[in-house]
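A.B. asks: sequence first, predicted coordinates after that:
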Amino acid sequence: NMDGNLCIRGLGTAILLLLCSSTDGVPVRLSPISSSDFSALPESVDVDYGFDYLHLVQEWPGSFCDGRRGCVWPKIPPTEGGFLLHGLWPEWLNGSWPEYCDPSSPFNSTAIIELLPLMHKFWPSLVSPDQASFWAHEWNRHGACCETLTPTETPYFSLVLRLRASFDAAAILARAGIIPAHPPSADARAASPSRTGRATQAVDAHEHAAEDVEPRRKGEGKNGEEEEEEEPQQQQQQQQGVAGMTSWRAVKDALDAGFGNMVEVGCSKDKDGKLQLAEVRACFKPATTETEAAAAAAAAAAAVEGSVHMAQGVEGDGRERVLGGGDVVRIDCRKESDFRSCVSPDTPILFPPFHAASVDV
């Protein structure tokens, strides 16, 4: 049947995921496609995946931990200096999303035993010391809604890790000269009272923005456009050379260029109410044509040829790690121009250190 064929296809696509550190990763090459091309599935393929596209969500731990509720730092330290995974969320074009799709398929932790070194490195919980409860939440709420693409935990979590390797946001920003602030010295930390409390929010409390897309701000006339464009460019040049300071526009432009498709960038506020870079999102869709499937297969072949390096610091014998996953292609995110969480495209925002020592451990 159709579901069986999809399961076979999802499991049959294996790649070698050799994740690298966040500062020198080589991305898996996936084919870009415009969001305007996926509002309807091709007539030649009649597949209902139960969603329209996938949101790959990554968060900056320094911003999460410097929020009002603080965080719980994992006992097994995650990758140093990179964005951490929040999840891969199926969504519909109308702004809503499916969730908790298959209560008969609760999370099976034994299915990801081989992935645990990579899960701790790239996908830890910053809310609870019980990492398995976080991963169970992500599968039960989101992963189970992708079963037509990734029918079990192994291919689902493998796909998320593979897509994270294809979108190493911190490495892209570093190449553009956008780097986080340096962590405070031990003396400065000792002189400063701790500002963080233990995180108390439920794992289920992550947000999905549902507002309409807002365009970038522009002037009302030719002269107005020239005057408004000049100042942001000057601000961006000033911010981009300073560690820990940037803007929505600078981050967005760098990630769009480095990733090859339009992404989404979000901000939050620290305990002092200052804006900070918090989250980046990339978007994908299932491969529904032979051309797209071939592009996905080419990405897997590129991985087999060694275009992605082994994760540094991951336990193992050094051999390549084989991970399965569904066939997906990149698309432009539909809310890519929504800057409202950052106030304006050129408002200065903080890019805090990866991990401040003041958080609860």
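C.D. replies: Structure's in. What do you need?
A.B. asks: this structure: helices as residue ranges?
C.D. replies: Read by DSSP state H, the chain holds these helices, from start to end of the chain: 2-12, 61-65, 116-122, 131-141, 153-166, 169-175, 186-191, 222-240, 248-259, 290-304.
A.B. asks: what are the buried residues along stretch 111-119?
C.D. replies: 112, 115, 116, 117, 118, 119 (16 or more other Cβ atoms under 10 Å). C-betas here are computed from N, CA, C, even on glycine.
A.B. asks: pull the most distant pair out of those residues.
C.D. replies: Within these, two members stand farthest from each other by Cβ to Cβ: 112 and 117, at 10.6 Å.
A.B. asks: ok, the closest residue to residue 107 other than its chain neighbours - contacts?
C.D. replies: Sequence neighbours aside, residue 136 is the residue nearest to residue 107 in space, at 3.8 Å (criterion: Cβ to Cβ, 6 or more residues apart in numbering). Neighbour list for residue 136: 106, 107, 109 [criterion: Cβ atoms under 8 Å, 6 or more residues apart in numbering].
A.B. asks: and the second one, backbone torsions?
C.D. replies: Right, residue 107. phi -60, psi 130 (degrees, to the nearest 10).
A.B. asks: gap between it and residue 130?
C.D. replies: Remark: distance between residue 107 and residue 130 (Cβ to Cβ, to the nearest Å) = 12 Å.
A.B. asks: which intervals of the stretch 1-150 of the chain have sub-threshold pLDDT?
C.D. replies: Low-confidence segments of the stretch 1-150 of the chain, defined by pLDDT under 70, span residues 1-46.
A.B. asks: cool, and the stretch 251-361 of the chain?
C.D. replies: Under the criterion pLDDT under 70, the flagged ranges of the stretch 251-361 of the chain are 297-326, 356-361.
A.B. asks: can you give me the strands for it?
C.D. replies: For the stretch 251-361 of the chain, strands defined by DSSP state E, counting those that start in this stretch occupy the ranges 264-269, 275-286, 322-324, 328-331, 348-350.
A.B. asks: so can I have CSV of these showing mean neighbour count and distance to residue 175?
C.D. replies: Formatted as CSV, the strands of the stretch 251-361 of the chain follow (neighbours: other Cβ atoms under 10 Å; distance: least, Cβ to Cβ, whole Å):
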stretch, mean neighbour count, distance to residue 175
strand 264-269, 22, 17
strand 275-286, 24, 15
strand 322-324, 19, 26
strand 328-331, 25, 19
strand 348-350, 23, 19
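A.B. asks: redo those strands as JSON lines? Include distance to residue 339.
C.D. replies: Putting those into JSON lines (distance: least, Cβ to Cβ, whole Å) gives the following:
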{"stretch": "strand 264-269", "distance to residue 339": "7"}
{"stretch": "strand 275-286", "distance to residue 339": "11"}
{"stretch": "strand 322-324", "distance to residue 339": "35"}
{"stretch": "strand 328-331", "distance to residue 339": "20"}
{"stretch": "strand 348-350", "distance to residue 339": "10"}
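A.B. asks: next, count neighbours for residue 260.
C.D. replies: For residue 260, the number of neighbouring residues by other Cβ atoms under 10 Å comes to 18.
A.B. asks: just checking, it touches residue 329?
C.D. replies: No: look at residue 260 against residue 329 with Cβ atoms under 8 Å: they stay out of range, at 11.3 Å.
A.B. asks: and the gap between the nearest residue to residue 142 once chain neighbours are set aside and residue 338?
C.D. replies: In space, not counting the residues next to it along the chain, residue 142 is nearest to residue 89; the distance is 5.0 Å by Cβ to Cβ, 6+ apart. Computed with Cβ to Cβ, the distance linking residue 89 and residue 338 is 16 Å.
A.B. asks: among these two, which residue is more densely surrounded?
C.D. replies: Higher neighbour count among residue 89 and residue 338: residue 89, with 23 against 20, using other Cβ under 10 Å.
A.B. asks: what residues are up against that one?
C.D. replies: Residue 89 sits next to 54, 55, 57, 97, 142, 208 when contact means Cβ under 8 Å, 6+ apart.
A.B. asks: of these, closest to residue 182?
C.D. replies: Closest approach to residue 182 among these (Cβ to Cβ): residue 57, at 26.4 Å.
A.B. asks: counting neighbours, what do you get for the closest one?
C.D. replies: 21.
A.B. asks: need the contact list for it.
C.D. replies: Contacts were defined as Cβ under 8 Å, 6+ apart; by that measure residue 57 touches 85, 86, 87, 88, 89, 206, 279, 280, 281.
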